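> Structure for the following, please:
(2 chains)
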Amino acid sequence: MTPSKQITFSRRSFLKTSTLASGGMLIGFNLFNACKPEAKVPIDLSQLNYNDFNAYIKISKEGKVTIFSPNPEIGQGVKTSMPMIIAEELDVAWEDVYVVQAPLDTENYTRQVAGGSQSIRFSWQALRQTGATAKQMLVNAAAAKWGVDASECSVAKGIITNAKGEKLGYGDVVLEAAALEVPENVTLKAPKDFTIIGKGAGNVDIDKIVTGKPLFGLDYKEEGMLYASVLRPPAFGQVLESFDDIATRALPGVVDVIVIGEKARAYLEGSKKKSWTAQLSKSDKVVVIAKTTWDAIKGKRAIKAIWKNDSELESTESHDKLLLDLLEGETFKTRRKDGNVKKAFANADKVLERIYESPFLPHNCMEPMNFFANVTSEKVHLVGPVQTPAEAAKVVSGLLDRKLEDIHIEMTRMGGGFGRRLYGDFVYEVAEISNAIKKPVKMVSTREDDMTTGVYRPATKYKIAASIKDGKLTGYHLKEASINGNMYGLIPNFFPAAALENYQVDTANYKSNITTGAWRAPYTNFLASAEQSFFDELAEVLEVDRVQLHLDLLENVKKNPEPNIEYSPERLQGVIKKVVDKSNWGKTEAGVYQGFSVYYCHNTHVAEVADIIMDNGSPIVKKVTCAVDCGIVVNPLGAMNQIKGGVIDGIGHAMYSDFGFNNGVPQSNNFSTYQLIRMAQTPKVDVHFIENDIDPTGLGEPTLPPVGAAVANAIYKATGKRLTKQPYMSNLDLEKVVG
Amino acid sequence: MPTFNLKINNEKHTVEADADTPLLWVLRDQIDLVGTKFGCGIGQCGACTVHVDGNAMRSCLLLVSQAEGLNITTIEGLSEQGDHPVQQAWKEIDVPQCGYCQSGQIMTASAFLSKNPNPNESEIRNAMHGNICRCASYNSIEEAIKVASKKLS
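Predicted structure coming up:
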């Protein structure tokens, strides 16, 4: 079996140990250096100090283990799963481990990022090496104490035992261990010997979550802290002209009204690096500073502002036309080209061609954007939820003209991310606010602020065409037209790349002034819906079974191995067979309609079957069977949560959520008009893992993309109507449908 | 600014606030009970759910001036030791992903189960309709409510 592309990990010194003043042992390691695929040590090891490390293991004299988890936690579970990997190789009892979120090391490292479902994939080997190295040092220390060879000692749950049966706890040897050389070669456990990995650990913050203890950015407080509410332009393309704050200043809780924007603009315009969210910093903004959040919100509502047009005020109607024109035009960039699709189409007996359309989408993290700043002459203290703390620190340093080492960022737990917190616009705002008023202050967005001044998933359209000759599929041509950007470079190498002799992927985009960016499973979140709906229809045209069509195409890939594909044909076949088996595919009772979909992205292979019923002409998704190959499952409990959440999130956005613009103004601003999926609309998600010993890959995103097509294909079976435009429920003409 | 006398988690609090201030912000900013979350401000998401005389209510829609004389319970006061059957069930099932909406989910579920300790599936789904979970942990919430229901009956 060929696994999909793997991280090649080179063993090198990325660890340092020392004795703690309190009598314990500290093992520092640089996770991000350790995880880099290229083998190089960037700095002179003799010069290392503890600021160079962004993750630690602390072992006290009592044998208690504290693991400082380096990656931001947005609900994807890494604050639990990454320490589990260390604890496994360190051989301690999970109950004895205490996990703490490590602060950002802004000085040296820039990859403390949550995104792309990559945290576990990149850190797997490094975390194991770290745990195993620490264990070996403790064993070496114990062996030296006993005067025996380390190989005669065994370890279980933090207790070292020698051949005579004598025992020493980790705490008994930490001082000696800290003074030892870091061993270069350590043995990692065989997956069959894992006792923590694969066993399912609960969320490490669960006690605090269920009792309402402060955890999130919005919960953070400091003595003397003020609150800020920011008035931003109501339409993309507008900037502030003037404002009247008389009514606001008359309110008792309002402390001040200021204007920000100049510093962010100056920095972003001067910066060589393109900022995704520069549009959000184009206008001056009016900031109401108050004693409580409510005073600030009320004060903002009382501001009378006049806005002027700065660039075009765009609308969904014009975007639709522009994107369709792009699909019919000639301005494409070819992203992958195998064989000659032109020739295949010219020689075809039959061509199937379809257009698929998706709207913009806001992220709608349940915790609205917020951040704390206290800018003083000594330092810039920032606290809050952000997925890219290092980048935020760099920008704040630039826009306030402060040294990078003056910027201190603390990360809180995040009330959702989904891509929105990759962008630090709210951090820049609060830094500029605190810098102006010289006081500790927290910026809090309302839901309306959040939804209308967002960084949206771009509206995207696809045109997919397939050529058929003598009843066989001969060519596949995918064209993408999107707002501001296009699919990232790996996507053209996803399935069905290499399955067909003639294959081409082309992309084009329209530059808009509406801010767009990453949204859970960027591009594939809709591309998978489009392609897997197309394959369903294609199978019908070819008069072949839709599951068999995929298995056969993947068989082609196996016969003609191609190094430039991202997915593994064997692993895709594996999840297909599993989902067919577990979903009772094709054998359902009357009135239940099934749709099939399979997709690879974010290094994980997934197949899904949706079961729907029709109720008064309206489809209801009852169940989704999901087969997942993510390699070794580190934390089955957390993995289940991510998979089920991804599936239901995918159904919600494919079926219900819509977002458009009219003259630059977002057409929804709260949950009264923007629909998110609710419990009564959710299916039961039945999850099945492929069991293997392949290094683990992430789960934050890959189960979301395939589900849209699984639902659309099931609705087709029930209604005879092919759905090509999301959200499906707005585009399913229910009157014409009889269930 | 006027003052208001509130009874929250069986403790008396006197706060100074504008009469139109939602209870949510008084709880969070003035009484330091931040377990009650802000999600939408218009009663659509349920993140700010508290109990008022035992009934689930959205604290973003309840003004401080209306809250005088009411028995208000927040997530912090749901149980002394964090061991209300609903809290226990949430831990057993490991419900939360990001966790932000969960105190609201727990407050809605606990008020609902106090009136209907043995609900069927559609009753659970209807009762929880007002609470959004953006991480979509709905399967686990549903399961945890069933577990809590067993503990209560």
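> Spatially nearest residue to the residue of chain B at minimum distance from chain A (excluding sequence neighbours)?
Closest to chain A within chain B is B:G35: 1.7 Å, counting by Cβ to the nearest Cβ. (C-beta placed from N, C-alpha, C; glycine too.) If the residues on either side of it in the chain are set aside, B:G35 comes closest to A:G212, at 1.7 Å by Cβ to Cβ, 6 or more residues apart in numbering or on different chains.
> With A:K282 instead?
Nearest to A:K282 is A:V239, by Cβ to Cβ, 6+ apart, at 6.1 Å.
> burial measure for that neighbour, as a count.
Neighbour count of A:V239, defined by other Cβ atoms under 10 Å in any protein chain shown: 16.
> Could you do A:V541 as well?
14.
> Poorly predicted segments of chain A, please.
A:1-23, A:26, A:28-56, A:69-78, A:101-120, A:122, A:273-275, A:734-739 (pLDDT under 70).
> For the closest residue to A:R678 other than its chain neighbours, pull up the helix or strand it's in.
Among residues not flanking A:R678 along the chain, B:H129 sits closest, at 5.5 Å (Cβ to Cβ, 6+ apart). B:H129 belongs to no helix or strand when elements are defined using DSSP states H and E.
> Please apply the same query to the one 10 residues further on.
Taking DSSP H and E as the criterion, B:N139 maps to helix B:138-152.
> So stretch A:404-411, near chain B or not?
No. Judged by Cβ under 8 Å from any Cβ of the partner chain, stretch A:404-411 stays clear of chain B, getting no closer than 13.5 Å.
> interface residues of the stretch 151-300 of chain A facing chain B?
A:202-203, A:205-207, A:209-216, A:218-219, A:221, A:227, A:252-253, A:292-295, A:298.
> and stretch A:687-701, which residues are buried?
A:687-690, A:692, A:694-701 (16 or more other Cβ atoms under 10 Å in any protein chain shown).
> mind checking how far B:S110 is from A:R413?
23 Å (Cβ to Cβ, to the nearest Å).
> returning to that earlier point: am I right that the residue nearest to A:R678 is in contact with A:I677?
No. With contacts counted by Cβ atoms under 8 Å, B:H129 stays clear of A:I677, the gap being 11.2 Å.
> Find me whatever residue is spatially closest to A:A163, sequence neighbours aside.
A:E152 (4.6 Å).
> so that neighbour makes contact with A:A142?
No. In this structure, A:E152 is not within contact of A:A142 by Cβ under 8 Å, at 10.4 Å.
> shared neighbours, the two?
A:N162 (Cβ atoms under 8 Å, 6 or more residues apart in numbering or on different chains).
> More neighbours: these two, which one.
A:A142 (26 against 13).
> check contacts around that one.
Counted by Cβ under 8 Å, 6+ apart, A:A142 has contacts A:A150, A:C153, A:I160, A:N162, A:L168, A:D172, A:V173.
> For those, which two are the farthest from each other?
Spatially, the most separated pair among these is A:A150 and A:D172, at 15.5 Å (Cβ to Cβ).
> returning to that earlier point: settle this for me: the residue nearest to A:K282 is touching A:D284, isn't it.
Yes. A:V239 is within contact range of A:D284, at 7.0 Å (criterion: Cβ under 8 Å).
> hmm, back to that, quick one, which of B:H129 and A:I677 is more surrounded?
The neighbour comparison of B:H129 against A:I677 (other Cβ under 10 Å) goes to A:I677, with 23 against 14.
> so who does the more buried one touch?
So A:I677 contacts A:I648, A:D649, A:I651, A:G652, A:H653, A:M655, A:Y656, B:A136, B:Y138 (Cβ under 8 Å, 6+ apart).
> what about A:R571, neighbour count?
23.
> Repeat that for the one 3 residues further on.
Counted by other Cβ under 10 Å, the residues lying close to A:G574 total 19.
> you'd agree it is up against A:D629?
Yes. If you go by Cβ under 8 Å, A:G574 and A:D629 touch, sitting 5.8 Å apart.
> so what's in contact with these two at the same time?
Common neighbours of A:G574 and A:D629 (Cβ under 8 Å, 6+ apart) are A:H605, A:I690.
> anything in the helix or strand that contains B:M57 near chain A?
When elements are defined using DSSP H and E, B:M57 is found to belong to strand B:55-58. No. Against chain A, strand B:55-58 shows no contacts by Cβ under 8 Å from any Cβ, the least distance being 12.0 Å.
> List the buried residues for that strand?
Residues of strand B:55-58 classed as buried: B:A56, B:M57, B:R58 (neighbour count, 16+ other Cβ under 10 Å).
> The second one contacts B:C48, correct?
No. Proximity of B:M57 to B:C48 does not meet the contact threshold set by Cβ under 8 Å, at 9.0 Å.
> Who's the closest spatial neighbour of residue 88, skipping the chain neighbours?
Let's take chain A. A:E88 sits nearest to A:I196 (Cβ to Cβ, 6+ apart), 4.4 Å away.
> my question was about chain B
Sequence neighbours aside, B:K151 is the residue nearest to B:Q88 in space, at 6.7 Å (criterion: Cβ to Cβ, 6+ apart).
> Just list the residues touching the one you found, thanks.
Applying Cβ under 8 Å, 6+ apart, the residues near B:K151 are B:P85, B:Q88, B:A89.
> Using the record's domain definitions, break chain B down for me.
Domain segmentation of chain B under automatic domain parsing yields B:3-77, B:85-152.
> among those, which is the most enclosed?
domain B:85-152 (a mean of 22; mean count of other Cβ atoms under 10 Å in any protein chain shown).
> Start and end of that domain, how far apart?
Start and end residues of domain B:85-152 are separated by 7 Å (Cα to Cα, to the nearest Å).
> Stretch A:683-694 now?
30 Å.
> what does it rub up against?
Stretch A:683-694 has contacts (Cβ under 8 Å, 6+ apart) with A:1, A:3, A:191, A:571, A:574-575, A:578-579, A:582-583, A:605, A:610-611, A:621-633, A:636, A:639-640, A:643-644, A:647-648, A:651, B:139.
> On the three-state scheme, A:P705 is what?
coil (DSSP: H, G, I helix; E, B strand; the rest coil).
> excluding its backbone neighbours, what's nearest it?
A:A528 (3.4 Å).
> give me phi/psi at that neighbour?
phi -60, psi -40 (degrees, to the nearest 10).
> Please tell me I have it right and it contacts A:V598.
No. With contact defined as Cβ under 8 Å, A:A528 does not count as touching A:V598 (9.1 Å).
> okay, and the common contacts of those two?
With Cβ under 8 Å, 6+ apart as the test, A:A528 and A:V598 both reach A:P706.
> returning to that earlier point: ok, of the contacts of stretch A:683-694, which come out buried?
A:3, A:571, A:574-575, A:578-579, A:582-583, A:605, A:610-611, A:621, A:623-633, A:639-640, A:643-644, A:647-648, A:651, B:139.
> How many residues are close by the residue in chain A that chain B sits nearest to?
Proximity of chain A to chain B (Cβ to the nearest Cβ) peaks at A:G212, 1.7 Å away. By the measure other Cβ under 10 Å, the count of residues near A:G212 is 25.
> give the contact list for the nearest residue to A:E562 once chain neighbours are set aside.
Excluding the flanking residues, the one nearest A:E562 by Cβ to Cβ, 6+ apart is A:A498, at 4.2 Å. For A:A498, the contact set (Cβ under 8 Å, 6+ apart) comprises A:D338, A:N556, A:V557, A:N560, A:E562, A:N564, A:I565.
> Go ahead and build a ChimeraX selection from the buried members of those.
Listed next is the ChimeraX selection for buried residues among these, using 16+ other Cβ under 10 Å:
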select /A:338,557,565
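> Pull the most distant pair out of the contacts of A:A498.
A:N556 and A:N564 (15.2 Å).
> re the thing from before, would you verify that the residue of chain B closest to chain A is located in a helix?
No. Counting by three-state DSSP, B:G35 is not found in a helix; it is coil.
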